[in-house]
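Q: Provided below for reference: sequence and predicted model.
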Amino acid sequence: MHFDLVINALPFLFKGFGLTLLVSVMGTVVGTVIGVAICALRWTSIPALSRLAALYISYFRGVPLLVQLLVFYNFLPYAGIDLSPIAAAICALGMVGGAYMAELLRGALAAIPKGQVEAGVALGFSPISIGRRLLLPQMLRLATPAMTNELILLVKASSLVSVVGLAEVTRVSQTFAASTLRPMEFYLAAGAFYLVTNLFLAYCGARLERKMARR
Amino acid sequence: MDMNTLLSYLPALGRGLWITLVCWLVASVGGVALGLVIALVQRSAAAPLRLLIKFYIEAMRCTPLIVLLFIVYDGGPAVGVLLDPIPAGIVVLIIHGSAYFAEIFRGGFQAVPAGQIEAANSLGMPPLAIVRRVLMPGALTAAMPSLINMVINVCKETALLSIITVGDLTFAVQNMAVETFAAFESLLALALGYWLLIEIFSRLGQRAERRINRHLRLRGATGKGGL
């Protein structure tokens, strides 16, 4: 094992790692927004919209992420949309993450007592303000543990973006593995980046959960 | 793309689908078996071994599958592990999946009341019989939705094997996409194909789950796996 090569390449690996973090955090943010929107559509009493949201969730959960990325990246030029690789990666991860997020939020929604909504209606709140001021804050809180889990999954999923060419940490390791002919060292290094990040996120998630349980 | 071109690709696509299904089946069975062994050892082993297993599970759950594939397939030869793409892919799917399966089994074990195990113990049942006749039936009932969910997830994960040149469905369609210059159409068809496959198996899983747990009259909880 020649880890000195990895140490020499560390600046590049860290640059790639920064991109990994950027893409997965932004993907989670976009995913949460999409998830809230899809969950809201699913909750409406308009059958067409509700069915559309169900279809969205079903598609994005039913197709392997790699295939979705390939479809998305080939769709952009096909439709004449010009996105930077980073923006495209964030969009793709956000759209997929949104489907899972919508399911999480639906689970959280089911945990809120029906009486609260009825009370809101009885007090004359509009449906939108019931959603925004009564349900959403509680849903986000209830779903926080599951959402940190989702962030970990998205950090892992962001490694697939390397396949479509974004120079995040997996891709950088791949380049170095090929040019130095030391694949084992560089892929172990890439694995270590993910391991440390995700263990840290899991630790934060567990602390957050404990803190919320105490309240 | 005209009909004749599509027809000429059918055998290749069929082969790809076959490889996907075989990899899925072998990796699922292997992952469940290894996961069960890990969970059982974790239950009864001494503290240091338990800690080691916990680290293994966390490490597998925190590392992306694609990195594990690269470590084994590209990095393996450097340490004397030379595997063909399909065995390498299946081995990685099994070790990655076994961590998730072990966690699912652990959750299932926790759902079995301690009193049942104590009762079996005090009745003089041997440990293996306790596992087989008291622990497993209760644990399997509790863990079934998550188990089916994870098995479906493994199906989605097999798509990644195309990256290390396993000729699965994704690989076959990517070939077709390059050769016919109809990249978007081919890949969209591939996505729809997977969607159909996963939808079918997710429905079948829900039925199986309802059948296994029919004495509990639960609503189906099987989904389509995770990211």
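A: On my side now, so go ahead.

Q: Counting by contacts, list what the longest helix seen in chain B packs against.
A: Longest helix of chain B, by residue count under DSSP state H: helix B:3-44. The contact analysis (3 or more CB pairs under 8 Å, 6 or more residues apart in numbering or on different chains; DSSP states H and E) places helix B:3-44 against helix B:47-62, helix B:85-111, helix B:136-157, helix B:169-180. Using the backbone N, CA and C atoms, a C-beta is placed for each residue, glycine as well.

Q: right, and the helix or strand after the second one?
A: In the C-terminal direction, the helix or strand that comes right after helix B:85-111 (DSSP states H and E) is helix B:114-122.

Q: Residues contacting that following helix, please?
A: If you take CB atoms under 8 Å, 6 or more residues apart in numbering or on different chains as the criterion, helix B:114-122 is touched by B:Ala129, B:Ile130, B:Arg133, B:Val134, B:Leu135, B:Gly138.

Q: Any buried residues in that helix, and which?
A: B:Ile117, B:Ala120 (16 or more other CB atoms under 10 Å in any protein chain shown).

Q: How are the helices of chain A distributed by residue range?
A: Counting by DSSP H, chain A has helices at residues A:3-8, A:10-43, A:47-62, A:65-78, A:85-110, A:114-122, A:127-129, A:136-142, A:144-157, A:169-180, A:183-214.

Q: ok, is the fourth one in contact with chain B or not?
A: By that I understand helix A:65-78. Yes. Residues of helix A:65-78 contacting chain B under CB under 8 Å from any CB of the partner chain: A:Leu65, A:Leu66, A:Val67, A:Gln68, A:Leu70, A:Val71, A:Asn74, A:Phe75, A:Tyr78.

Q: Looking at neighbours, which among those residues is most surrounded?
A: A:Leu70 (28 neighbours; other CB atoms under 10 Å in any protein chain shown).

Q: what about residue 7, neighbour count?
A: Picked chain A for this. The tally of other residues near A:Ile7 (other CB under 10 Å) stands at 12.

Q: think we crossed wires, I meant chain B
A: B:Leu7 has 9 neighbours, counted by other CB under 10 Å.

Q: Can you tell me how far it is from B:Val178?
A: Per CB to CB, to the nearest Å, B:Leu7 is found 18 Å from B:Val178.

Q: residue nearest the centroid of chain B?
A: Centrality entry for chain B: nearest residue to the mean C-alpha point is B:Val154, 3.5 Å, by CA atoms, centre = their mean.

Q: where does the chain have low pLDDT?
A: Let's take chain A. Along chain A, segments meeting pLDDT under 70 span A:215.

Q: You answered for a different chain; I wanted chain B.
A: Applying pLDDT under 70 to chain B flags residues B:1-2, B:216-222.

Q: Please name the residues that touch the closest residue to B:Gly75 other than its chain neighbours.
A: Spatial nearest neighbour of B:Gly75, chain neighbours left out: A:Met184 (3.3 Å); criterion: CB to CB, 6 or more residues apart in numbering or on different chains. Going by CB under 8 Å, 6+ apart, A:Met184 touches A:Met1, B:Ile71, B:Asp74, B:Gly75, B:Gly76, B:Ala78, B:Val79.

Q: Ignoring the adjacent residues along the chain, who's closest to the first one?
A: Among residues not flanking A:Met1 along the chain, A:Glu185 sits closest, at 5.9 Å (CB to CB, 6+ apart).

Q: Might one say that that neighbour is in contact with A:Phe3?
A: Yes. Counting by CB atoms under 8 Å, A:Phe3 is a contact partner of A:Glu185 at 5.7 Å.

Q: the more surrounded of those two?
A: The neighbour comparison of A:Glu185 against A:Phe3 (other CB under 10 Å) goes to A:Glu185, with 22 against 12.

Q: Contacts only, for residue 166.
A: Just so you know, I chose chain A. Residues in contact with A:Leu166 (CB under 8 Å, 6+ apart) are A:Leu19, A:Val23, A:Pro85, A:Ile86, A:Ala89.

Q: try again with chain B
A: B:Ile19, B:Cys23, B:Pro85, B:Ile86, B:Gly89.

Q: With B:Ile94 instead?
A: Contacts for B:Ile94 (CB under 8 Å, 6+ apart) come out as B:Ala27, B:Gly30, B:Gly31, B:Leu34.

Q: how much space between the closest residue to it other than its chain neighbours and B:Phe105?
A: Excluding its sequence neighbours, the residue lying closest to B:Ile94 (CB to CB, 6+ apart) is B:Gly30, at 3.9 Å. Applying CB to CB, the value for B:Gly30 to B:Phe105 is 15 Å.

Q: Which one's more surrounded, the two?
A: Comparing B:Gly30 with B:Phe105 by other CB under 10 Å, the one with more neighbours is B:Phe105, at 27 against 19.

Q: Touching, the more buried one and B:Leu34? I think so.
A: No. With contact defined as CB under 8 Å, B:Phe105 does not count as touching B:Leu34 (10.6 Å).

Q: which among the contacts of B:Val166 end up buried?
A: Neighbour counting by 16+ other CB under 10 Å classes B:Ile19, B:Cys23, B:Pro85, B:Ile86, B:Gly89 among those as buried.

Q: Return the residues in contact with A:Leu201.
A: When contacts are counted by CB under 8 Å, 6+ apart, A:Leu201 touches A:Thr148, A:Leu151, A:Ile152, A:Val155.

Q: Also B:Ile19?
A: B:Ile86, B:Val166, B:Gly167, B:Asp168, B:Leu169.

Q: tell me the secondary structure for the second one?
A: Using DSSP: H, G, I helix; E, B strand; the rest coil, the three-state assignment for B:Val166 comes out as coil.

Q: tell me the contacts of residue 191?
A: The chain I'm using is chain A. Per CB under 8 Å, 6+ apart, neighbours of A:Gly191: B:Thr63, B:Val67, B:Leu68, B:Ile71.

Q: um, chain B though
A: A:Tyr59, A:Val63, A:Val67, A:Gln68, A:Val71.
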